[in-house]
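>>> make a model of this:
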Amino acid sequence: MGGNAGISAATTIAPWLSVSNSAEAVEFYKRAFGAAEVFRLDGDGSIIARLSVDGAEFWVADESPEHFNFSPESLGGSTVRIIFTTADPDGVFNRAIKAGGSEVYPVHDEHGWRLGRVADPYGHHWEIGRPLADA
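Here you go, the predicted model:
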C-alpha cells in the first residue's frame, strides 16, 4: 500500500476534453447537458474545469500542444466518441442542439439502443442514448 495506506478512492475514468475556448465550452456544457462545475481553475483567459452531469464527471481545458493536448479543431476531427447514457436521450439530444450542438444523426432505435449523435461546437462527438427495454 505504500504511503497511501488507509486512503480509499473509487476507480473512475473521466475524459479530459481539449477545446479552443474553455470558458465558452464550460458554458455550452452547462446549457447543453445541465453540467455543474465541481472544480475550476482560472488562468490567463483560460480555465481548467471538472464538470459533472448527474455524477458523471469530465474535464474541460484549452488545448495545450506543448503538453500534447490538441482539440478536435486542430486535429481536423476527434479520436474519441463520448457515450452519454441517459433515461431521456431525446430530451438531452434536443437540449444539446438548442444550446449550439450540431446533429450528426437523429435519435432513433438501433442495435438495442435509443441513440442519436451530436457534435459539440468544439468538435467532440456525443452519442446520447439508452438501452431499449426489450433489447
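>>> neighbouring contacts of stretch 22-32?
With contact meaning Cβ atoms under 8 Å, 6 or more residues apart in numbering, stretch 22-32 is reached by 17, 19, 35-37, 40, 45-49, 51, 53, 60-62, 95-96, 98-101, 118, 120-122. Bear in mind the C-beta positions are built from the backbone N, C-alpha and C, glycine included.
>>> got a ChimeraX select line for the buried ones in those?
Filtering those down to the buried ones (16 or more other Cβ atoms under 10 Å) takes a single ChimeraX command:
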select :17,19,35,46,47,48,49,51,53,60,61,62,95,96,99,101,118,120,121,122
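>>> now, which of the contacts of stretch 22-32 lie within strands?
17, 19, 36-37, 40, 47-49, 51, 53, 60-62, 118 (DSSP state E).
>>> what ranges of this protein fall below the confidence cut-off?
1-6, 135 (pLDDT under 70).
>>> all helices of it, in order?
Secondary structure of the chain (DSSP state H): helices at 22-33, 72-75, 89-99.
>>> in JSON lines, list these along with distance to residue 127.
Listed next are the helices of the chain as JSON lines, based on distance: least, Cβ to Cβ, whole Å:
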{"stretch": "helix 22-33", "distance to residue 127": "13"}
{"stretch": "helix 72-75", "distance to residue 127": "15"}
{"stretch": "helix 89-99", "distance to residue 127": "9"}
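>>> list the buried residues of stretch 68-85.
Buried-residue list, stretch 68-85, by 16+ other Cβ under 10 Å: 71, 72, 73, 78, 82, 84.
>>> what's it in contact with?
15-16, 18-20, 33, 53, 56, 58, 61, 63, 65, 92, 117, 122-131.
>>> any idea how far apart the tips of that stretch sit?
29 Å (Cα to Cα, to the nearest Å).
>>> and it, how far from the chain's centre?
10 Å (Cα atoms, centre = their mean, to the nearest Å).
>>> all set now, cheers.
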